[in-house]
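Colleague: Just the structure for this:
(chains A and B)
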Amino acid sequence: MECREARELLPAHVDRELGVREAIEIDRHLQGCPACRADYADQQAVRAAVRNHGTYFTAPGHLEDRLRTALPASAPGRVPPGKRSWSWLNAGAALAMVLAIAWSVGLYLTLPTTGDRLADEVVAAHVRSLMSSHVVDVVSSSQHTVKPWFDGKLDFAPPVYDLSADGFPLIGGRLDYLDRRPVAALVYRYRLHTINLFVAPATDGRNVVPQTLSRQGYRIVSWTHAGMAFWAVSDVESAQLNRFTDAFQERGAS
Amino acid sequence: MVEQTRSRRFEVIVLPHLDAAYNLARWLTRSDHDAEDVVQESFLRAYRFFDGFHGESGRAWLLGIVRNTCYTWLHQNRKQDLLTPFDEESHSIGSADPDRPSNNPEAILVRNDELRLLNRALTTLPLEFREVVVLRDLEDLSYKEIAEVSAIPIGTVMSRLARGRKMLLACVGQLKRESDNGV
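Modeller: Below you'll find the model as predicted:
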């Protein structure tokens, strides 16, 4: 590979958007070319700086109210407000749930490349069926109600914490099925978003630090702690989902 | 009834991406107030064109509408923002880099006061470069999604990102020199 071609592909290499063959070729070129290597380091430094420290502007609270007033979707009297917010929650959490399942199917049953395609297909096929799904079997913002509810329904006791103080109120819980076994699903909320946290016993006892992954604009953070495996999934920004993960782990440690 | 289903679908698929829409609009218009107007207009358009949405990423779809609404708005209200002093073709990626700072980029970008400069530098980046950097590094879209949102080929996404990041680094270096000299 020559410098010209390498320079063209550098941003995609930094962003891990290249195929395996091209990535290997460009790595080989970088080993022997200090100039391209310096260019690569620049790209990587700027990318990391923007990702970690670029300002992410979040919409002010009144903008959401303004939109709901402006959109025909919220014409008064069409759906009672209480009911609307619940149906919204159900469908949103169902979407997150289906994505989590699609992701795990993609992860466990296929190779990474075909997994991507399969997950996309599963997601696309399910998006239209989301609205009717149920999300919470037990509706409660109290960990002392949600935690005992799982007793006798699962062969393990999932940790349950209300994270209202951190901005992530607990909405409830339900039984679910992931990776060929029943799991606990805890449902949290962040502003307009729903966060699903799936909990199951880990396959081995090692603790694993949180790993982040993106799928079609959705974020998944997975980790293992004290013999339990966790998957948090939502459409919130990654910074918020990381904050959620941190808050949950901190509560578990205290 | 049909209208009600449509509304619910819209609330589930599009409305949760309000923050993403606002972030993009805020970076492109560079004003809180204008970003709010653009976001509202974008959601109204999105609702109108919602029948054309077929199950791909709702976020990328909405951001495409926000991006177009921003450009229309800038064209009507701030034409000078659309003029770019940089010509991509004449600054080909493979050529020597006159603007490559001599300092180590990591050293330039780690200290706190330089992080503040980073956001200032991103604000001053020409529109089409600012756009791809925000979509990639703040919104975390794939190259394919950025190509769709910005209506440009993937090769152009790549060259704009490379160029944009390079300009950003040069700009931070320049702002740093200015502040070091007490300007």
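Colleague: Which parts of chain B are strands?
Modeller: For chain B, no strands are identified by DSSP state E.
Colleague: Please pull out the lowest mean pLDDT helix or strand from it.
Modeller: Ranking every helix and strand in chain B by mean pLDDT, DSSP states H and E puts helix B:105-110 at the bottom, with a mean of 58.
Colleague: The helix or strand hosting A:Ile24: what's the following helix or strand?
Modeller: Secondary-structure element containing A:Ile24, defined by DSSP states H and E: helix A:20-32. Per DSSP H and E, the first helix or strand lying C-terminal to helix A:20-32 is helix A:34-53.
Colleague: Can you list the buried residues in that following helix?
Modeller: Neighbour-count burial for helix A:34-53, counted by 16 or more other CB atoms under 10 Å in any protein chain shown, picks out A:36, A:39-40, A:42-50. (Each C-beta comes from the backbone N, C-alpha and C, glycine too.)
Colleague: Pick out the most distant pair among those residues.
Modeller: The most widely separated members of the buried residues of helix A:34-53, counting by CB to CB, are A:Cys36 and A:Val50 (21.3 Å).
Colleague: List the buried residues for stretch A:61-72?
Modeller: Neighbour-count burial for stretch A:61-72 flags A:63-64, A:66-68, A:71 (criterion: 16+ other CB under 10 Å).
Colleague: What distance do you get for A:Asp166 to chain B?
Modeller: To chain B, A:Asp166 is 18 Å away according to CB to the nearest CB, to the nearest Å.
Colleague: I figured that residue was touching A:Gln240, is that so?
Modeller: No - under the criterion of CB atoms under 8 Å, A:Asp166 makes no contact with A:Gln240, lying 10.5 Å away.
Colleague: More neighbours: the two, which one.
Modeller: Neighbour comparison, A:Asp166 and A:Gln240: the larger count goes to A:Gln240, with 20 against 17 (by other CB atoms under 10 Å in any protein chain shown).
Colleague: who touches the one helix or strand A:Phe248 maps to?
Modeller: Secondary structure from DSSP H and E places A:Phe248 in helix A:238-253. Residues outside helix A:238-253 that contact it (CB atoms under 8 Å, 6 or more residues apart in numbering or on different chains) are A:56, A:159, A:161, A:163, A:166-168, A:188, A:190, A:193, A:195, A:197, A:210, A:212, A:214, A:219, A:221, A:223, A:225-226, A:230, A:232, A:234, A:236, B:140.
Colleague: I figured B:Glu131 hits B:Asn23, correct?
Modeller: No - the criterion here is CB under 8 Å, and B:Glu131 misses it with B:Asn23 at 11.9 Å.
Colleague: And the two? Which one has more around it.
Modeller: Shown here are B:Glu131 and B:Asn23; by other CB under 10 Å, B:Asn23 has more neighbours (26 against 23).
Colleague: Quick check: the gap between the more buried one and B:Val14.
Modeller: Note on B:Asn23: its distance to B:Val14, by CB to CB, to the nearest Å, is 15 Å.
Colleague: And B:Thr29, by the same measure?
Modeller: From B:Thr29 to B:Val14 the distance is 20 Å (CB to CB).
Colleague: repeat for B:Met167
Modeller: Distance, B:Met167 to B:Val14, by CB to CB: 33 Å.
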